[in-house]
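**Q** build me a model from this:
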Amino acid sequence: MGTMNNPIQVGLYAITDSQLTPAATLITSVEAAIRGGTVMVQYREKFAPMAERVAQARNLQSICAAAGVPLLINDDAELARRVGAAGVHLGQTDGSAAEARHLLGDGAIIGITCHADLELARTALEESADYLAFGRFFTSSTKPGAPAASTDILTQAKRFNRPVTAIGGITTENGELLIRAGADLLAVVGGLFGGDPETIEQKAKTFQRLFASHHPLFLYPDNRSSHK
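**A** Presented below is the predicted three-dimensional model:
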């Protein structure tokens, strides 16, 4: 499925948040999500001092690399470069995808927020985005002001032949609807994190079972292969 040199697997895309994954539990939370089958992790930290963000991102990169799971950095291509992350996720106001590609190289994974707008997706493709993120689909505590999106956008975005990511208020209860509509990745924050490691692992497994049941390209970890 992926472009460039980094295939993107179908499945759960875990996104950290300082409210739900504070420094004290960040690593154990992400480790639990990976044990549960998470296929990609995004480090999202808006408020910590840069030295702390570098340290946290480096620690996450170590555990993600050991597990063979790509780590992306939210909104900061330079931080991604510093810690050797697999790539970066950019919002519409977070700098140029072309600049991020130049900084990180052809092998990096670059994802772009497209809200509920196919024109934004088309522009992202022109800037060599590796996946397109749409949302929010449900009420989200992480992005309460984000415009709402209809599940139709996921179906329509399949024409672009890039992995389609859904984000915004996603839980194990409503995820099936989005997968059936065309989501290749479910980007989840509050619907995954915030509990103890065992709970996080079980939620991750539940998300992966949804993909196994409802996505034609889902591969269990021991059967994973590159989708180009």
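**Q** is it true that A100 lies in a helix?
**A** Yes: A100 sits within a helix when classified using DSSP: H, G, I helix; E, B strand; the rest coil.
**Q** can you give me the pLDDT of it?
**A** Note on A100: pLDDT of 96.
**Q** which one is it nearest to, not counting chain neighbours?
**A** Leaving aside its chain neighbours, A100 sits nearest to A77 (4.0 Å; criterion: Cβ to Cβ, 6 or more residues apart in numbering). Backbone N, C-alpha and C define where each C-beta goes, glycine included.
**Q** distance check, that neighbour against R180.
**A** 33 Å (Cβ to Cβ, to the nearest Å).
**Q** comparing these two, which residue is more hemmed in?
**A** A77 (25 against 15; other Cβ atoms under 10 Å).
**Q** verify the stated contact: the more buried one with L104.
**A** Yes: using Cβ atoms under 8 Å, A77 is in contact with L104, at 5.9 Å.
**Q** what do the two both touch?
**A** Contact with both A77 and L104 is made by residues V88, according to Cβ atoms under 8 Å, 6 or more residues apart in numbering.
**Q** wait, isn't K158 in contact with D152?
**A** No: in this structure K158 lies outside contact range of D152 using Cβ under 8 Å: 11.1 Å.
**Q** all helices for the chain, in order.
**A** Along the chain, the stretches classed as helices by DSSP state H are 26-35, 50-67, 77-83, 97-104, 118-126, 152-157, 175-181, 197-214.
**Q** so for G145, which of these sits nearest?
**A** G145 lies closest to helix 118-126 among the helices of the chain, at 17.0 Å (Cβ to Cβ).
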